[in-house]
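*Asks:* Quick one: sequence plus predicted model below, questions after.
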Amino acid sequence: MTDMKHDLSPLGCGPSDEELYIRAKNLDIGYKNDMVVRDINFSLIKGEAIALIGTNGSGKSTLLKTIVGLLEVIDGELSVFGMPPGNNHHRIAFLGQFHISGFVLPIRVIDVVAMGRYPLHGLWKPMDKNDDEIIRAAMASMGIEKLANSSLRSLSGGQQQRVYLAQVLAHQADLLIMDEPATGLDAGGRDLFLKAINKELCRGASVIMATHDIQEEAALCHQVMLLAHRVVAIGPPDKVITSEALLETFGVVVSDKNKLHVLECIHGHDDHERQGLKRHKNP
């Protein structure tokens, strides 16, 4: 399959600067001189979502970290809110795969969720009644309001993931960047998560997230990017998620009458992105 370069804005009627949240042009990403994915081209506008789909190690986490500013751009252009990555932190909520607060004792659930307000207030400015209402609403969205005073370390992995998702929601950011946000969630948690993200989109926030879910989470998004150390395809889910494209992305696809199921063959995350590059790097 030929790589599809896609820009979300139709020719001649592109979004204004205020509506264009992310733009990548001929973007190369990776670690120092080790390329992970070359020639990424896409735009994300206000109120829309894009799902990054691929095996572990395909470049999803690397792209998200580059957008946030944790990794430097190797080549090409990348702007976030019209500026280089690493600016406008107050407008961005980032959920990675590893959470530092999970190793801090003692810390309550409500304290973790309240951290979502820090980019707007700083560490020392007191929060007001409006902040308290936002924090409580975020916990309710993820069904953890009764756990407010529980120790984070006392919770199961799925409950902790709900807490971190509530923290992202409490930020009320313009741009939500999430790396496999539904990991560890049970069916109820996944349902709450999808409803919460839909609500975020309805209020005008934009979302970019890495996911393995080619059904529910991808269907929620306006665009899907399939990654396999390169952009296999990008576009609307109903156009991109085909058995041919998934076969090229994952290597193995099992089909039935109603769904496509993917069997992964690659495991690991950032380490495999670095190692995988050496196997796939162009001469």
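*Replies:* Yep, that arrived.

*Asks:* Find the nearest non-adjacent residue to Ala148, please.
*Replies:* Among residues not flanking Ala148 along the chain, Ile110 sits closest, at 4.3 Å (C-beta to C-beta, 6 or more residues apart in numbering). (Each C-beta comes from the backbone N, C-alpha and C, glycine too.)

*Asks:* Give me the distance between the one you found and Ala196.
*Replies:* Ile110 sits at a distance of 18 Å from Ala196 (criterion: C-beta to C-beta, to the nearest Å).

*Asks:* where in the chain is pLDDT low?
*Replies:* Within the chain, the ranges that satisfy pLDDT under 70 run 1-17, 99-105, 122-123, 253-283.

*Asks:* Mind doing that once more with 50?
*Replies:* By pLDDT under 50, the low-scoring segments of the chain are 1-12, 257, 261-283.

*Asks:* And the strands in it?
*Replies:* 20-31, 34-45, 49-53, 75-80, 92-95, 175-179, 206-211, 223-227, 231-235, 253-255, 260-262 (DSSP state E).

*Asks:* Would you mind writing the CA trace of the fifth one as CSV?
*Replies:* Listed in CSV are the C-alpha atoms of strand 92-95, where the atom choice follows Å, rounded to 0.1, in the frame of the first residue of the first chain:
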residue,chain,number,x,y,z
ILE,A,92,-2.2,20.6,26.8
ALA,A,93,-3.0,17.6,29.0
PHE,A,94,-0.6,14.7,28.5
LEU,A,95,-1.1,11.1,29.7
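
*Asks:* Give me the helices and strands touching it, please.
*Replies:* Judged by 3 or more C-beta pairs under 8 Å, 6 or more residues apart in numbering; DSSP states H and E, strand 92-95 is in contact with helix 60-68, helix 157-171, strand 175-179.

*Asks:* please redo it, this time with the cut-off set to 10 Å
*Replies:* helix 60-68, helix 118-121, helix 157-171, strand 175-179 (3 or more C-beta pairs under 10 Å, 6 or more residues apart in numbering; DSSP states H and E).

*Asks:* quick one on the thing from earlier: residues contacting the residue nearest to Ala148?
*Replies:* Under the criterion of C-beta atoms under 10 Å, 6 or more residues apart in numbering, the neighbours of Ile110 are 132, 135-136, 139, 144-145, 147-150, 152, 163, 166.

*Asks:* Scan the residues you listed and report the most crowded one.
*Replies:* Across the contacts of Ile110, neighbour numbers were computed from other C-beta atoms under 10 Å; Ala166 holds the maximum, 29 neighbours.

*Asks:* Touching, that residue and Asp111? I think so.
*Replies:* No. Under the criterion of C-beta atoms under 10 Å, Ala166 lies out of contact with Asp111, with a separation of 11.7 Å.

*Asks:* Show me what counts as buried in stretch 219-230.
*Replies:* Residues of stretch 219-230 classed as buried under the neighbour-count rule (16 or more other C-beta atoms under 10 Å) are 220-230.

*Asks:* which residues are in contact with both of Ala166 and Asp111?
*Replies:* Between them, Ala166 and Asp111 share these contacting residues under C-beta under 10 Å, 6+ apart: Ile135.
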